[in-house]
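Enquirer: Need a 3D model of the following:
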Amino acid sequence: MARAATTSDAFNAVAEPRRRDILNYLAMQERSVTEIVDAMEIEQPSVSKHLKVLKGVGLVEVRREGRQMLYKVNAMAIRPLHEWTSTFERLWKHQLLRIKERAEANMERNNSFVEFQTRRKS
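Expert: You can find the predicted model right below:
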């Protein structure tokens, strides 16, 4: 089965690491293309292409201020991504809790064994 185009939905758009970097950079503040280029240290045409994809799937919004184009994250469009990844966050928290419980049980067994050995030598 052919892979979906990166412009088809948010999940495909964020599959590209540079786009995720741009979204992270825009997460807290609206920025101009020049600011993004400087921060990401990639060429302006490349940044513009990534922004076009992100805008096309609705992950970023753009407004003009004079000659500058200012980009910001569209939080509502990111929500489905967050909800999907939250499933895996819960899974990993559960797995980490199980690892912690096993480690504590092993430590308790080891401490009991050490106490037994110490009493036996006395």
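Enquirer: tell me which element the residue positioned nearest the centre of the chain falls in.
Expert: The chain has residue 20 as the residue nearest its centroid, 7.3 Å off, counting by Cα atoms, centre = their mean. Per DSSP states H and E, residue 20 falls inside helix 17-26.
Enquirer: I'd like the average pLDDT over that helix.
Expert: Mean per-residue pLDDT for helix 17-26: 96.
Enquirer: Restrict it to CA atoms and write it as CSV.
Expert: The C-alpha coordinates for helix 17-26 follow below in CSV (Å, rounded to 0.1, in the frame of the first residue of the first chain):
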residue,chain,number,x,y,z
PRO,A,17,11.4,15.6,12.0
ARG,A,18,12.0,19.2,10.7
ARG,A,19,8.3,19.9,10.8
ARG,A,20,8.1,18.7,14.4
ASP,A,21,11.1,21.0,15.2
ILE,A,22,9.3,23.9,13.6
LEU,A,23,6.1,23.1,15.6
ASN,A,24,8.1,22.9,18.8
TYR,A,25,9.7,26.3,18.0
LEU,A,26,6.3,27.8,17.3
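Enquirer: So for residue 10, what's the nearest residue that isn't a sequence neighbour?
Expert: Distance criterion Cβ to Cβ, 6 or more residues apart in numbering; nearest residue to residue 10, sequence neighbours excluded, is residue 57 at 4.9 Å. All C-beta spots, glycine's among them, are computed from the backbone N, C-alpha and C.
Enquirer: Could you give the separation of the helix or strand of the chain with the lowest mean pLDDT from the chain centroid?
Expert: Ranked by mean pLDDT, DSSP states H and E, the weakest helix or strand in the chain is helix 75-121, scoring a mean of 82. Distance of helix 75-121 from its chain centroid, counting by Cα atoms, centre = their mean, to the nearest Å, is 22 Å.
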